[in-house]
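Asks: Sequence plus the predicted model coming up.
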Amino acid sequence: MLWFAAFADHCSVFPTAAVVDALKDDLKGYAASKGTVHFPLDKPLPAALVKKMIRLRLAQTQKKRSR
């Protein structure tokens, strides 16, 4: 549902641009761009936020399947 990558100074999560746009208020305080969110390595990964991203992605894919 999500793609991710680890770098020297951050962890990137790629939930798609639609998810980033839908959660823009929740993502305040994190570096985000079209389809990507960067989480700093010196803080715990926000599990509740990641779960929210996954739920949105699941809803997107289920909506596509039902067409």
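Replies: On my side now, so go ahead. Every value quoted in this text rests on a predicted model; they were computed, and no experiment measured them.
Asks: ok, and the closest non-adjacent residue to the most centrally placed residue in the chain?
Replies: Most central in the chain under C-alpha atoms, centre = their mean is Pro15, positioned 4.2 Å from the mean C-alpha point. Among residues not flanking Pro15 along the chain, Met53 sits closest, at 4.3 Å (C-beta to C-beta, 6 or more residues apart in numbering). In this view, the C-beta of every residue, glycine as well, is placed from N, C-alpha and C.
Asks: Against which helices or strands is the helix ranked longest in the chain packed?
Replies: When the chain is parsed with DSSP state H, its longest helix is helix 47-65. Judged by 3 or more C-beta pairs under 8 Å, 6 or more residues apart in numbering; DSSP states H and E, the packing partners of helix 47-65 are helix 17-22.
Asks: what lines up beside the following helix or strand past the helix it packs on in the sheet?
Replies: Where DSSP states H and E defines the elements, the next helix or strand beyond helix 17-22 is strand 31-33. Strand 31-33 has its sheet partners listed here by DSSP bridges as strand 36-40 (antiparallel).
Asks: Put the alpha carbons of the partner strand into PDB.
Replies: Coordinates of each C-alpha in strand 36-40 appear next as PDB, following Å, rounded to 0.1, in the frame of the first residue of the first chain:
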ATOM      1  CA  THR A  36       6.200  11.900  -0.300                       C
ATOM      2  CA  VAL A  37       6.600  12.400   3.400                       C
ATOM      3  CA  HIS A  38       9.900  12.600   5.200                       C
ATOM      4  CA  PHE A  39      10.200  11.500   8.800                       C
ATOM      5  CA  PRO A  40      13.300  12.400  10.800                       C
END
